[in-house]
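**Q** Sequence below, structure please.
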Amino acid sequence: MAVRLQITRERGLTNWVVIAHLWLTLLALSCFDAMSAHAQDAVEIGDDFSIERQGIPQPKTRRRPRLQWTFKRLHWAEGLTAGVLIVPAIVLLQSDVPRNWTGNNAFDNWFRERLLASDEKREKYARASDALALTAIGFPILVDMIGVAFIGDRNEDVGLQMLGIQAQAFAISGFLTNVFKLTGRERPWALDAGCSDPSVSCSSNANESFFSGHTSMAFTGAGLTCVEHQHLPLFGSGHVGGPIACASTLTMATLTGIFRIVSNQHWTTDVIAGAGVGLVSGWLMPWLMHYRHDLTKRDHKKRQLSYLAPYGGPGVFGLSAAGNF
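**A** Sure, this is the predicted structure:
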């Protein structure tokens, strides 16, 4: 994802300080919430005899992780794939793309005419899209994985599974984003600036409009947040925090895409394509490959009773049963 952090101005730096403070607050709250739920599930050692009367210090309470990974585990090939995809994604990010796609369509023009901000406000919306994208990306990493699984629940097993799935999702999304950048679609602002004229000097990313990297990575983070909270009680069983986290990150990702149009950075079709890729890599693929394979439910189905019926004959009677045991 090609995200340019513009913090040269004092105002921009202040915005990032506020974002950092917000992240620290969310991380602290998630750790407190997870540790509170963790303490409720503590397993106390039985006191069959009085330890205190013998003058021996009472052992500390043993705790078991609140979260349990009951889904299909990561295969080593998945981690290798994620690592392999990161390298070309970084290499492609540094390459200059020639202009190959300058045509436009009525759909993009219609949305641009109605959403495009004035010249003096476009930079503000671009900075806002940076902040929203980073927040949507960081939520599953900082809050769900680090804050809840690793720190709050002290659960390396669940944390490492989440780490592998998240790395795979972001690697796939980043790789696809940078590969499709090679199509060389001219950005809206580059079209307005006349970058097709050799005498006009434009930045190196003038032809990297398709598709929106901010949007694809933001929706990847939102998709990961939703699928994790859908299948793992990260904020506790029946806690409303899971649906709120999913809805919040989806809202941030959606606003990221809208602000990329408003700030004249992308066309609407760029944003729609980025959102689709992000949801596929962040939500659909983790669900297909891992979360839909709940091993506990599979075992339950194997021991399912199909029917129980009486039977009898001359001098014989009883019950017959059929099913999987």
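**Q** Point out where the chain drops to low pLDDT.
**A** 1-62, 298-325 (pLDDT under 70).
**Q** just the helices in it please.
**A** Assigned by DSSP state H, the helices in the chain fall at 10-40, 76-93, 106-115, 119-138, 156-180, 188-193, 213-231, 241-262, 268-279, 285-286, 295-302.
**Q** which of the ones you listed is buried the deepest?
**A** helix 213-231 (a mean of 27; mean count of other Cβ atoms under 10 Å). Just so you know, the C-beta spots here come from the backbone N, C-alpha and C atoms, and that holds for glycine as well.
**Q** helices and strands around it, which ones?
**A** When contacts are defined as 3 or more Cβ pairs under 8 Å, 6 or more residues apart in numbering; DSSP states H and E, helix 213-231 sits against helix 119-138, helix 156-180, helix 241-262, helix 268-279, helix 285-286.
**Q** Tell me which of those helices sits nearest to residue 144.
**A** Nearest to residue 144 among the helices and strands packed on helix 213-231 is helix 156-180; the distance by Cβ to Cβ comes to 6.8 Å.
**Q** Between helix 119-138 and the closest one, find me the angle.
**A** With axes from the mean of the first three to the mean of the last three Cα atoms, to 10 degrees applied, the angle from helix 156-180 to helix 119-138 works out at 140 degrees.
**Q** Save the helices and strands packed on helix 213-231 as a markdown table, and put in distance to residue 202 too.
**A** Shown next, in a markdown table, are the helices and strands packed on helix 213-231 (distance: least, Cβ to Cβ, whole Å):
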| stretch | distance to residue 202 |
| --- | --- |
| helix 119-138 | 16 |
| helix 156-180 | 20 |
| helix 241-262 | 18 |
| helix 268-279 | 18 |
| helix 285-286 | 36 |
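**Q** thinking again about what came up before, residue 100: which of the helices of the chain is closest?
**A** Of all the helices of the chain, it is helix 156-180 that lies closest to residue 100, at 11.8 Å by Cβ to Cβ.
**Q** tell me how far that closest one is from the chain's mean position?
**A** With Cα atoms, centre = their mean, to the nearest Å as the basis, helix 156-180 stands 9 Å off its chain's centre.
**Q** which residues does the closest residue to residue 74 other than its chain neighbours contact?
**A** Closest residue to residue 74 apart from its sequence neighbours, by Cβ to Cβ, 6 or more residues apart in numbering: residue 164 at 4.3 Å. Residue 164 sits next to 74, 78, 79, 82 when contact means Cβ atoms under 8 Å, 6 or more residues apart in numbering.
**Q** Check those against residue 271 and report the nearest one.
**A** Residue 271 lies nearest to residue 82 out of those, by Cβ to Cβ, at 25.3 Å.
**Q** Quickly note the distance from that closest one to residue 72.
**A** 16 Å (Cβ to Cβ, to the nearest Å).
**Q** Check residue 173 too.
**A** Separation of residue 173 from residue 72 (Cβ to Cβ): 21 Å.
**Q** before we move on, back to that, quick one: which of the helices and strands packed on helix 213-231 is nearest residue 197?
**A** Nearest of the helices and strands packed on helix 213-231 (Cβ to Cβ): helix 119-138, 19.9 Å.
**Q** I'd like to know which elements that closest one is packed against.
**A** Using 3+ Cβ pairs under 8 Å, 6+ apart, helix 119-138 is in contact with helix 10-40, helix 213-231, helix 241-262.
**Q** Now the terminal residues of stretch 196-213, how far apart.
**A** 23 Å (Cα to Cα, to the nearest Å).
**Q** Only the buried residues of it, if you could.
**A** The neighbour-count check on stretch 196-213 (16 or more other Cβ atoms under 10 Å) flags 202, 205, 206, 207, 208, 209, 210, 211, 212, 213 as buried.
**Q** with those residues in mind, which one is nearest to residue 146?
**A** residue 213 (23.7 Å).
**Q** if I read this right, residue 213 contacts residue 274, doesn't it?
**A** Yes: contact criterion Cβ atoms under 8 Å: residue 213 and residue 274 qualify, at 6.9 Å.
**Q** what sits in contact with each of these two?
**A** Joint contacts of residue 213 and residue 274 (Cβ under 8 Å, 6+ apart) are residue 177.
**Q** Touching, residue 294 and residue 71? I think so.
**A** Yes: under the criterion of Cβ under 8 Å, residue 294 makes contact with residue 71 at 5.9 Å.
**Q** anything in contact with each of the two?
**A** residue 231.
**Q** With neighbour numbers in mind, choose between the two.
**A** Between residue 294 and residue 71, counted using other Cβ atoms under 10 Å, residue 71 has the larger neighbour count: 21 against 14.
**Q** Kindly provide the distance from the more buried one to residue 165.
**A** 10 Å.
**Q** And for residue 223?
**A** If you measure residue 223 against residue 165 using Cβ to Cβ, the figure is 11 Å.
**Q** who touches both of those two?
**A** Contact with both residue 223 and residue 165 is made by residues residue 286, according to Cβ under 8 Å, 6+ apart.
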